[in-house]
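Peer 1: Sharing a sequence plus its predicted fold:
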Amino acid sequence: MTAELSPTGAPRRRVRVGAVAAALTGVLALLCCGGGSAAFFLTNLGGDQETLVSNEQQCDDEHRVNVTGKMPRMSAYGATQMRNAAVIIKVGQDMKVPPRGWVIAVATAMQESALRNLSNSTVAGSRGIPNEGVGSDHDSLGLFQQRAGWGSVTQRMSPDYAARKFYEKLLKIDGWEHMPLTRAAQKVQISAYPDAYAKHEDVASQIVNALAGGAARTVQIAEQAVCDRASARTIAASGWTAPIEGGVGSGFRTASRPRHNGVDIGARKRTEIHAAATGRVLVARCDPDHRGNRNCDVDGFPGKGGCGWFVDILHAGGFITRYCHMIEKPRVVPGQLVKAGEVIGLVGSSGNSSGPHLHFEVHIDSNRSFSGGINPVPFMRQRGAPLNGSA
């Protein structure tokens with residue numbers, strides 16, 4: 001099978017995704033997000049050497065978190081903040097909340113307090129109530145910046161209590177596990193900034209993985225958290241899923257195809273293609289071939305050029321996924337919000353293709369060009385949604 005590395009493969013004026021995203025409104029607030037690194041820094045307490053550690057932690061069966069031992073430090077989050085995240089995860093574990101809830105809770109606390117147990121000016125002046133800073137909201141307290149209706153001052157300043165109250169309300173929301181993170185968080189928090197939570201989802205997943213044995217890479221199967229099985233309709237706790245089931249054939253930027261900017265996954269014609277994560281559709285159209293022709297309603301051939309019918313989706317964290325060679329017009333339109341696992345089109349062989357398959361790409365830093373492409377295989381594996389096979 002062959003697939004062009006990017007739409008047309010011919011020189012083209014670079015699309016300014018930032019400008020496109022700025023024009024979109026909705027629940028993701030994607031422009032708030034930073035670029036997407038697939039790794040992060042972890043440092044043991046007391047150590048002075050910082051080591052780059054891959055996000056591919058071993059995914060174990062227990063996922064138990066330690067709230068009393070040494071804490072890893074992740075980028076801007078120090079040991080105290082990571083310990084607060086560990087408390088949030090442990091409360092979720094004690095309450096039998098699935099790992100997806102831990103990611104939502106950690107991401108929410110990242111937005112509300114940067115994982116610090118914040119007081120207000122009145123509490124800061126009181127004795128006997130420890131705090132880790134003063135928040136900006138006049139009567140909101142704690143990791144989740146909960147207001148008076150959530151409990152007393154002492155209760156809201158307790159990380160255990162605050163996390164438990166968050167989960168209690170989350171569990172009452174019908175279908176919360178299948179909602180975009182920002183929607184689930186907003187239904188709990190009723191924030192004045194409802195779009196702000198999504199940008200923390202990827203880092204929150206990394207924190208959960210670091211503290212709880214790769215738990216963000218799990219899916220719930222028969223009420224059990226199973227590692228690395230997210231595919232199509234099953235969504236990992238990280239919020240990601242493999243777009244189709246099938247083995248990877250032609251790989252990413254191989255020696256024989258150094259400009260191949262994604263991977264090819266074999267599948268039968270009209271196999272449903274699923275959005276790999278919640279996001280906003282940037283592009284959904286027929287890609288011209290090398291001669292500028294838009295003839296995507298027929299099977300393509302090697303050397304024709306172009307992605308055929310294809311879709312680009314912008315996700316929180318500045319990630320972009322691309323889905324090429326659909327058999328017919330995509331089922332989504334530019335500007336549309338799609339949920340993880342939502343069907344966006346059907347497998348075909350349009351464009352630069354020798355047979356039916358999905359050409360799948362991942363880009364970082366909101367960069368749709370060749371330079372923004374990364375290998376989708378380790379990226380998806382790190383999120384518990386491995387592309388079957390290897391490349």
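Peer 2: Right, received. Where do you want to start? Numbering: from 1, shown residues only.
Peer 1: for the stretch of helix or strand Arg100 belongs to, what is the average pLDDT?
Peer 2: Using DSSP states H and E, Arg100 falls within helix 99-113. Mean pLDDT, computed over helix 99-113, is 97.
Peer 1: Tell me the helices and strands packed up against that helix.
Peer 2: With contacts defined as 3 or more Cβ pairs under 8 Å, 6 or more residues apart in numbering; DSSP states H and E, helix 99-113 has these neighbours: helix 79-94, helix 159-171, helix 181-189, helix 201-211. (Each C-beta comes from the backbone N, C-alpha and C, glycine too.)
Peer 1: highest average neighbour count across the ones you listed?
Peer 2: helix 201-211 (a mean of 28; mean count of other Cβ atoms under 10 Å).
Peer 1: Check what contacts the very next helix or strand once past that helix and list those residues.
Peer 2: Sequence-wise, the next helix or strand downstream of helix 201-211 (DSSP H and E) is strand 218-221. Outside strand 218-221, the residues within contact range by Cβ atoms under 8 Å, 6 or more residues apart in numbering are 59, 63, 98-100, 177, 225-230, 234-237, 384.
Peer 1: Alpha carbons of the following helix or strand past strand 218-221, as PDB, please.
Peer 2: Next along the chain after strand 218-221, taking DSSP H and E as the criterion, comes strand 224-227. Extracted as PDB, the C-alpha positions of strand 224-227 are listed here (Å, rounded to 0.1, in the frame of the first residue of the first chain):
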ATOM      1  CA  GLN A 224     -11.700  -4.000  35.100                       C
ATOM      2  CA  ALA A 225      -9.000  -1.500  34.000                       C
ATOM      3  CA  VAL A 226      -7.200  -3.300  31.100                       C
ATOM      4  CA  CYS A 227      -4.000  -1.900  29.700                       C
END
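Peer 1: So for strand 224-227, what gets flagged as buried?
Peer 2: For strand 224-227, a neighbour-count test (16 or more other Cβ atoms under 10 Å) marks Ala225, Val226, Cys227 as buried.
Peer 1: Now for the closest residue to the last one other than its chain neighbours, how many residues are close by?
Peer 2: Excluding the flanking residues, the one nearest Cys227 by Cβ to Cβ, 6 or more residues apart in numbering is Cys59, at 3.7 Å. Other residues within reach of Cys59 by the criterion other Cβ atoms under 10 Å amount to 20.
Peer 1: which secondary structure element contains Cys59?
Peer 2: Residue-wise, Cys59 maps onto no helix or strand under DSSP H and E.
Peer 1: who are the neighbours in contact with it?
Peer 2: Cys59 neighbours (Cβ under 8 Å, 6+ apart): Gly213, Gly214, Ala215, Arg217, Thr218, Cys227, Asp228, Gly384.
Peer 1: and the last one, that's in a strand?
Peer 2: No. The assignment for Gly384 is coil, going by DSSP: H, G, I helix; E, B strand; the rest coil, so no strand is present there.
Peer 1: can you put the buried residues of strand 224-227 in TSV and add pLDDT and distance to Val311?
Peer 2: Shown next, in TSV, are these (pLDDT from 0 to 100; distance: Cβ to Cβ, whole Å):
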residue	pLDDT	distance to Val311
Ala225	89	30
Val226	92	28
Cys227	93	28
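Peer 1: picking up where we left off before, roughly how far out does the helix holding Arg100 sit from the chain middle?
Peer 2: Mean-position distance between helix 99-113 and its chain equals 13 Å (Cα atoms, centre = their mean, to the nearest Å).
Peer 1: Put the alpha carbons of that helix into CSV.
Peer 2: Output in CSV follows, covering the C-alpha atoms of helix 99-113 (Å, rounded to 0.1, in the frame of the first residue of the first chain):
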residue,chain,number,x,y,z
PRO,A,99,-9.0,5.8,36.1
ARG,A,100,-10.8,8.1,33.6
GLY,A,101,-12.2,9.9,36.6
TRP,A,102,-8.7,10.4,38.1
VAL,A,103,-7.5,12.1,34.9
ILE,A,104,-10.6,14.4,34.9
ALA,A,105,-10.1,15.2,38.6
VAL,A,106,-6.3,15.9,38.2
ALA,A,107,-6.9,18.1,35.1
THR,A,108,-9.6,20.0,37.0
ALA,A,109,-7.3,20.7,39.9
MET,A,110,-4.5,21.7,37.6
GLN,A,111,-6.8,24.4,36.1
GLU,A,112,-8.3,25.5,39.4
SER,A,113,-5.3,25.7,41.6
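Peer 1: That helix vs helix 201-211, what angle?
Peer 2: Interaxial angle, helix 99-113 versus helix 201-211 (axes from the mean of the first three to the mean of the last three Cα atoms, to 10 degrees): 120 degrees.
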